[in-house]
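# just the structure for this:
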Amino acid sequence: MGTPDNEEGRSEVEGPVKKITINQFAAGKYDITRGQWELFVNATHRPVITGCAFSGFEDTSRKDWDANPSASWQHLGFPQDMTHPAVCLT
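Predicted structure coming up:
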């Protein structure tokens, strides 16, 4: 996991290289919807954590991959209904 120090275009956040082991892995067949995530958040009282790089908010002071501190899964800067995939989850 990670990238070697001499890889062209490497960013500091991509290192160091390390070996990992995954004993089990499971993946869903379908995306979790915004509505399903909201039900989970309400049932578990999970806090809403803000800071999402992939929002629709314009902010020229940020670089492309910097998180927008006001964006979250429920506040993305573009319209979404309960059937859309949940995004900006932590």
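
# pLDDT score for Thr60?
At Thr60, the model reports a pLDDT of 54.

# now Glu38: which helix or strand?
helix 34-44 (DSSP states H and E).

# could you dump that helix to CSV, C-alpha only?
This file holds the C-alpha atoms of helix 34-44, laid out as CSV (Å, rounded to 0.1, in the frame of the first residue of the first chain):
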residue,chain,number,x,y,z
ARG,A,34,-28.8,8.9,0.6
GLY,A,35,-32.1,7.8,2.2
GLN,A,36,-30.6,4.6,3.6
TRP,A,37,-27.6,6.5,5.0
GLU,A,38,-30.0,9.0,6.6
LEU,A,39,-32.0,6.2,8.3
PHE,A,40,-28.7,4.7,9.6
VAL,A,41,-27.5,8.1,10.9
ASN,A,42,-30.8,8.8,12.7
ALA,A,43,-31.0,5.2,14.2
THR,A,44,-27.5,5.3,15.5
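
# pLDDT averaged over it - what is it?
For helix 34-44, the per-residue pLDDT averages 96.
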